[in-house]
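J.: Sequence first, predicted coordinates after that:
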Amino acid sequence: MRLKYAGALAALMLSGCVVAPAGPPPVPVARVEVVPPPPSVRVVWQPGGWHWNGGAYVWIRGHYVERLAAYHRWVPGHWQGGAWIPAHWV
C-alpha cells in the first residue's frame, strides 16, 4: 500500500514541474566579415550581426549605409536591458 501512495505522490509532485524558456537562446558568435573599400566618403560600414526572427537567429551581412548630414555618429545594433536596439544614427 505504501508503494502505491509513494508513486502517486511522486507523480503529483512532478506534474507541477514546467520548464519554460526564458527568452531566445544566446546569440551565436559573430562571423568574420571582409570589409570592402567604401564606394564613397559619404558612407559608413554597418557590420553584420545576428537577428532573432522569433524562431531562430539569422545572419544579416554587413553593408555600407549612407552617412546622413544631420547626424554625427553611427551606433551599431546592440542588446540593452534584454532588448535589441537596432543600429541607428545619433
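T.: That came in fine, so what should we check first?
J.: Look up how far residue 87 lies from residue 23.
T.: Spatial separation of residue 23 from residue 87 under the definition C-beta to C-beta, to the nearest Å is 21 Å. From N, CA and C alone the C-beta is placed, and that goes for glycine too.
J.: For these two, work out which one has more neighbours and name it.
T.: Neighbours per residue (other C-beta atoms under 10 Å) separate residue 23 from residue 87, with residue 87 holding more: 14 against 7.
J.: residues in contact with the residue nearest to that one when sequence neighbours are not counted?
T.: With C-beta to C-beta, 6 or more residues apart in numbering as the criterion, residue 87 has its nearest non-adjacent residue at 4.2 Å, and that residue is residue 77. Residue 77 makes contact with 49, 84-87, according to C-beta atoms under 8 Å, 6 or more residues apart in numbering.
J.: now do 10 Å
T.: Taking C-beta atoms under 10 Å, 6 or more residues apart in numbering, we find residue 77 in contact with 46-47, 49-51, 60, 84-88.
J.: can you pull out the strands in this structure?
T.: Here the chain has its strands, by DSSP state E, at 43-46, 49-52, 57-60, 63-66, 74-75, 78-80, 83-85, 88-89.
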